[in-house]
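# all I have is the shape, not the residue letters:
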């Protein structure tokens, strides 16, 4: 049975892949972007929306079965995103997180502590970490925070990957990577199966 899904950030690289995967599996999608004319995937309703205005965003999100956020992290706006979801009354929320708060190995350092990042990159990454921290206290809706592999890039849709929890998933060569397409497959799997409710999970080959 197809679900009605509100997709925030539908014009982005990963957002467009998630939109295509949802539609391919028979779900109905409302694609939301600040500039909806940049949404490249057809066959869905396209709406202008911005989660930094939670009241307006909540009205757009209302009535859907689930919300997926593929939006970029904006420093100091995590509360607004959560308020948008809460205000909509939708009980299922999935979001693309970052890999920075994953552990490099069990009991090891966090990925963020192994990187030298330019300040311009660090602010949105730290906001991703803060968003997960805030979500961990949320009890009134079913959230899932899906961290990609350390490397995520264009590539094939293989449908073959491994999932993990708090630790980076690496291949035999010790590399953590995934394609946008396979990330989208796993995101829609989670929407359909609900195996990581009120939890974070990750992916890799």
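Cool, the structure landed. Everything quoted here is computed from the prediction, not taken from an experiment.
# please enumerate residues in contact with the one helix or strand in the chain whose mean pLDDT sits lowest?
Across the helices and strands of the chain, mean pLDDT, DSSP states H and E gives its lowest value to helix 119-135, namely a mean of 91. Contacting residues not belonging to helix 119-135 are listed as 72-79, 81-82, 95, 97-98, 100-101, 112, 117, 143, 145, 200 [CB atoms under 8 Å, 6 or more residues apart in numbering]. C-betas here are computed from N, CA, C, even on glycine.
# any of those buried? List them.
By neighbour count, with 16 or more other CB atoms under 10 Å, the contacts of helix 119-135 hold 73, 77-78, 81-82, 95, 97-98, 100-101, 112, 143, 145, 200 as buried.
# what's stretch 58-70 in contact with?
Against stretch 58-70 from outside (CB under 8 Å, 6+ apart): 3-10, 12, 14-15, 18, 30, 32, 47, 49, 51, 81, 83-90, 92-96, 187, 191.
# stretch 18-37 too?
Identification of contacts with stretch 18-37 by CB under 8 Å, 6+ apart yields 2-12, 15, 39, 41, 43-50, 57, 60-61, 64, 68, 70, 181, 184-185, 187-188, 191-192.
# show me how far that stretch is from its chain's centre.
Relative to the chain's own centre, stretch 18-37 is displaced by 13 Å; criterion: CA atoms, centre = their mean, to the nearest Å.
# go through it and flag the buried ones.
Here stretch 18-37 shows 18-23, 27, 29-33 as buried, counting by 16+ other CB under 10 Å.
# need those in CSV with secondary structure, distance to residue 153 and pLDDT, can you?
Below are those laid out as CSV (DSSP: H, G, I helix; E, B strand; the rest coil; distance: CB to CB, whole Å; pLDDT from 0 to 100):
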residue, secondary structure, distance to residue 153, pLDDT
18, helix, 16, 98
19, helix, 18, 98
20, helix, 17, 97
21, helix, 17, 98
22, helix, 21, 98
23, helix, 23, 97
27, coil, 25, 98
29, strand, 24, 98
30, strand, 27, 98
31, strand, 23, 97
32, strand, 25, 97
33, strand, 22, 96
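# out of those residues, which is nearest to residue 176?
residue 18 (20.2 Å; CB to CB).
# find the nearest non-adjacent residue to the closest one, please.
residue 184 (4.6 Å; CB to CB, 6 or more residues apart in numbering).
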